[in-house]
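**Student:** give me a 3D structure for the following:
(one chain, ligands or ions: 2)
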Amino acid sequence: MSRYSLSRWWPNTLRSRLFLILFAGLAVAYGLSFSILFAERYMSAKAIMLGTLESDLATSIAVIDRLPAEERPDWLDRLSRGSYRLVLGPGLAGVPDLSGRGKEIADRIEEAAGYKFAVRVEAIPSDGNRLQGHLTLSDGSPLTIDVTPRGVVPLATWLPYVFIAQMVLLILFTWVAVREAVRPLGDLAAAANELDPNKQAPLLIESGPSEVAHAARAFNAMRGRIADYLEERVQILAAISHDLQTPITRMRLRAELADDSAEKDKLVKDLAEIERLVQDGIAYARSSHGNGEKPTRIDLASFIDSIAYDYQDVGKAVSVEGIVQGIAVTKPHSLRRILTNFIDNALKFAGAATISVGKSDEGYFVVTVADHGPGIPDDKLEDAMQPFFRIETSRNRDTGGSGLGLAIAQQLASTIEGSVRLRNQPQGGLAAEVIFR
Ligand SMILES: Nc1ncnc2c1ncn2[C@@H]1O[C@H](COP(=O)(O)OP(=O)(O)O)[C@@H](O)[C@H]1O
Ligand SMILES: [Mg+2]
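**Tutor:** Ligands and ions are numbered 1, 2, ... in the order given. Sure, this is the predicted structure:
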């Protein structure tokens, strides 16, 4: 069989493969011991049958031989046994039995009868197993022994049911064992899949069989190391950003003291941009810890209104549309920062933003900042949340920005046990949502 056709029949899942191997092995072993038992029983039953056949038959033939011819028919039934019957006369026409069994039976009968009669055994081809022995009694009349070797294997009728029950048990236990063995792998894969450094997912349970516990411990340790590496990276970012602030401030002061010129304006503008990048860097580093803010009760409607007013006051096109009234217990500074990052993007890329508040079926608040701008290509929606990711288009080159806004929003969202979602609206433009309780 070629590799290809073999692999077509070979199941894909480890679970089915293990099951198949175990079950096939057990079934073969089981079948083997069953057939050995069967064969052994067959042989001993046959030996017993032939043993009694020869002695019983020898007695019966001797009795018939001694009886006067007219009394013989009365005795026939009494002298017959389950496996043979005596018949007066030449019997049916048969063919010489070639199986060796006939010869064996004939020899034994002759031996048991003290070699007084020549026995010829013939098979009756029309009747399966049936054999007939022919001999001639002392007075010259023929005698036929009708041998039907039945009951050689005394198979109980319930045996097949026991066999089926055993197979069912075998399947059941094999399946349970395989499932037990494979489940931890599935759990591990699920945990690896869900591994998100931004979320505090529960650790894998480190109990159970020792191999499983070991794998779970290793996985948890790996998760811890990844978290440490990420933390270290963020710390470096925070340290650099922080240390850059002082020289930047000094440079700006010096630039402002310089004589007015076009060069000076450019320098001040560039410095302002660097300053913003640095501030974003610090904000990103801080947002990973949720900056220690305590949750408080806020009236969502007036909270959103106040954010919109702040923008409207400086002439920005931010409007509020459709608000579900509600009190949220959340961290207001974090929520404000998430929303201002969304709104700043909408203003930057679309010139206007619309805020709305809804409630999901599961009872979560959903605050949406929508715009009518170009949106983000669907395959880039995930990437847009990554730190320092900016879509490389000509429009983006002049807009400035660190590419940290959405990453900060996402980290802050997880500190209020919420999440951030981006989607393109059917009528165009991006909708950025924060979902929280
Ligand atoms: N409302 C939006 N419309 C179109 N593109 C957007 C919008 N918001 C974000 N983006 C894209 O996602 C990128 C990442 O956004 P963000 O993390 O806020 O970084 P930044 O605003 O500093 O560029 C942006 O550079 C932009 O390409
Ligand atoms: Mg931004």
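**Student:** so for stretch 209-225, mean pLDDT?
**Tutor:** Regarding stretch 209-225, the rounded mean pLDDT is 91.
**Student:** may I have that stretch exported as CSV, CA atoms only?
**Tutor:** Output of stretch 209-225 as CSV, limited to C-alpha atoms (Å, rounded to 0.1, in the frame of the first residue of the first chain):
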residue,chain,number,x,y,z
PRO,A,209,-1.1,13.1,36.6
SER,A,210,2.5,14.1,37.1
GLU,A,211,3.3,14.6,33.3
VAL,A,212,0.3,16.8,32.9
ALA,A,213,1.1,18.8,36.1
HIS,A,214,4.7,19.1,34.9
ALA,A,215,3.6,20.5,31.5
ALA,A,216,1.2,22.9,33.2
ARG,A,217,3.9,24.1,35.5
ALA,A,218,6.3,24.6,32.5
PHE,A,219,3.6,26.5,30.6
ASN,A,220,2.8,28.7,33.5
ALA,A,221,6.5,29.4,34.0
MET,A,222,6.8,30.3,30.3
ARG,A,223,3.9,32.6,30.6
GLY,A,224,5.5,34.3,33.5
ARG,A,225,8.8,34.7,31.6
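**Student:** give me the contact list for it.
**Tutor:** 184, 188, 191-192, 195, 203-208 (C-beta atoms under 8 Å, 6 or more residues apart in numbering). The C-beta positions use only the backbone N, C-alpha and C, and glycine is treated the same way.
**Student:** pipe these into CSV and attach distance to residue 39, secondary structure and neighbour count per row.
**Tutor:** Listed next are the contacts of stretch 209-225 as CSV, based on distance: C-beta to C-beta, whole Å; DSSP: H, G, I helix; E, B strand; the rest coil; neighbours: other C-beta atoms under 10 Å:
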residue, distance to residue 39, secondary structure, neighbour count
184, 43, helix, 18
188, 48, helix, 16
191, 53, helix, 17
192, 53, helix, 12
195, 58, coil, 14
203, 57, coil, 13
204, 52, coil, 21
205, 51, coil, 12
206, 52, coil, 14
207, 49, coil, 9
208, 44, coil, 15
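**Student:** closest to ligand 2 out of these?
**Tutor:** Checking the contacts of stretch 209-225 against ligand 2 with C-beta to the ion, the nearest one is residue 195 at 26.7 Å.
**Student:** chain neighbours aside, what residue packs nearest to that closest one?
**Tutor:** Leaving aside its chain neighbours, residue 195 sits nearest to residue 223 (6.2 Å; criterion: C-beta to C-beta, 6 or more residues apart in numbering).
**Student:** what's the neighbour count on that neighbour?
**Tutor:** By the criterion of other C-beta atoms under 10 Å, residue 223 has 17 neighbours.
**Student:** before we move on, which element is it in?
**Tutor:** Element membership for residue 223 (DSSP states H and E) is helix 210-257.
**Student:** go on, residue 76?
**Tutor:** helix 72-79.
**Student:** just checking, what packs against that helix?
**Tutor:** Applying 3 or more C-beta pairs under 8 Å, 6 or more residues apart in numbering; DSSP states H and E, one finds that helix 72-79 contacts helix 14-66, strand 84-88.
**Student:** could I get the ones you listed as TSV with distance to ligand 1 and mean neighbour count?
**Tutor:** Formatted as TSV, these follow (distance: least, C-beta to the nearest ligand atom, whole Å; neighbours: other C-beta atoms under 10 Å):
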stretch	distance to ligand 1	mean neighbour count
helix 14-66	41	14
strand 84-88	99	18
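**Student:** got the residues of the stretch 201-350 of the chain near ligand 1?
**Tutor:** Residues of the stretch 201-350 of the chain lying near ligand 1 by C-beta under 6 Å from any ligand atom: 341, 345-346, 349-350.
**Student:** which one among these gets closest to ligand 2?
**Tutor:** Looking at those and their distance to ligand 2, the nearest is residue 345, at 4.4 Å (C-beta to the ion).
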